[in-house]
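Engineer: The amino acid sequence is not available; the structure is as follows:
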Ligand code: DX5
Ligand code: ZN
């Protein structure tokens, strides 16, 4: 079964509590929180105080995706705010290994993410220590972008690498997952799909989630 992690980036944040609880009631697996600093990516979102606010309204795992330079500066703050998973970008620090170790010391699940232009081999030295390997299927920064087709072959190769080096590590795909692409990412081996605009788009999350799952049920593999 593919797990779903809705990104609140495209949700109506004036109704933060309602949208998170609506997603939880619909049966999503995690809540994905996209933290952006306007430097690593050309957009700004939010920091630990919003993570802490979401923490108070749901018991789902909070999956925090840090798109910020030198994320090691803030790992403790996000851990304290209630993050369950903390994912840092390979490209955003000189020391991704140290950042991953620090997340684990803080008692949280540690993820490493790479951009569409970064060679997959970046994962290799760290995979044995990762809880999550996040492959970007759009360039990070904005919700609602189109899935980059080369992500599918990269997912397949990453899946093979994961199966060999650390079968317990979850493979997460992030960006452009919708009814047209969900089958492809599932078949390529993703364990978890982050979805923003496909789940939060003004229509009820429960219906949007059902539509995605129906594509997978049709394969007999959902
Ligand atoms: C992009 C973020 C994603 C993204 C997902 O920088 O990491 O989580 O917003 O949104 P959709 O599903 O709309 O591509
Ligand atoms: Zn994300």
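Structural biologist: Happy to help now that I have it. These figures come from a predicted structure and were not determined experimentally. Residues are numbered from 1 along each chain as shown. Ligands and ions are numbered 1, 2, ... in the order given.
Engineer: Contact partners for the residue in the chain that ligand 2 sits nearest to?
Structural biologist: Using Cβ to the ion, the closest approach of the chain to ligand 2 is made by residue 65 at 3.8 Å. (Glycine included, C-beta is placed from N, CA and C.) By Cβ atoms under 8 Å, 6 or more residues apart in numbering, the contact list for residue 65 reads 7, 32, 33, 34, 35, 87, 111, 113, 134, 174, 194.
Engineer: if we go to 6 Å?
Structural biologist: Contact analysis of residue 65 by Cβ atoms under 6 Å, 6 or more residues apart in numbering lists 34, 87.
Engineer: Then residue 75?
Structural biologist: Counted by Cβ under 6 Å, 6+ apart, residue 75 has contacts 102, 103.
Engineer: Return the set of buried residues in the helix or strand hosting it.
Structural biologist: Here residue 75 sits within helix 75-81, counting by DSSP states H and E. The neighbour-count check on helix 75-81 (16 or more other Cβ atoms under 10 Å) flags 75, 78, 79, 81 as buried.
Engineer: Now the protein against ligand 1: closest residue?
Structural biologist: Across the chain, no residue is closer to ligand 1 than residue 196, which sits at 2.6 Å (Cβ to the nearest ligand atom).
Engineer: Need the mean per-residue confidence for stretch 75-86.
Structural biologist: For stretch 75-86, mean pLDDT rounds to 99.
Engineer: Could you do stretch 189-201 as well?
Structural biologist: Averaged across stretch 189-201, the pLDDT comes to 98.
Engineer: near ligand 2, which residues of the protein show up?
Structural biologist: For the chain, the residues found near ligand 2 under the criterion Cβ under 5 Å from the ion are 34, 65, 174.
Engineer: please redo it, this time with the cut-off set to 8 Å
Structural biologist: Within the chain, the positions adjacent to ligand 2 are 7, 9, 32, 34, 65, 67, 87, 113, 134, 136, 140, 174-175, 194, 196 by Cβ under 8 Å from the ion.
Engineer: Show me these that map onto helices.
Structural biologist: Among the residues of the chain next to ligand 2, the subset assigned to helices under DSSP state H is empty.
Engineer: Tell me the one of the residues you listed nearest residue 216?
Structural biologist: The shortest gap between residue 216 and any of the residues of the chain next to ligand 2 belongs to residue 194, at 15.7 Å (Cβ to Cβ).
Engineer: Mind listing the residues bridging to the closest one?
Structural biologist: In this entry, residue 194 is beta-bridged to residue 5, residue 174, by DSSP bridges.
Engineer: in stretch 19-26, what's buried?
Structural biologist: 19, 20, 22, 23, 24, 26.
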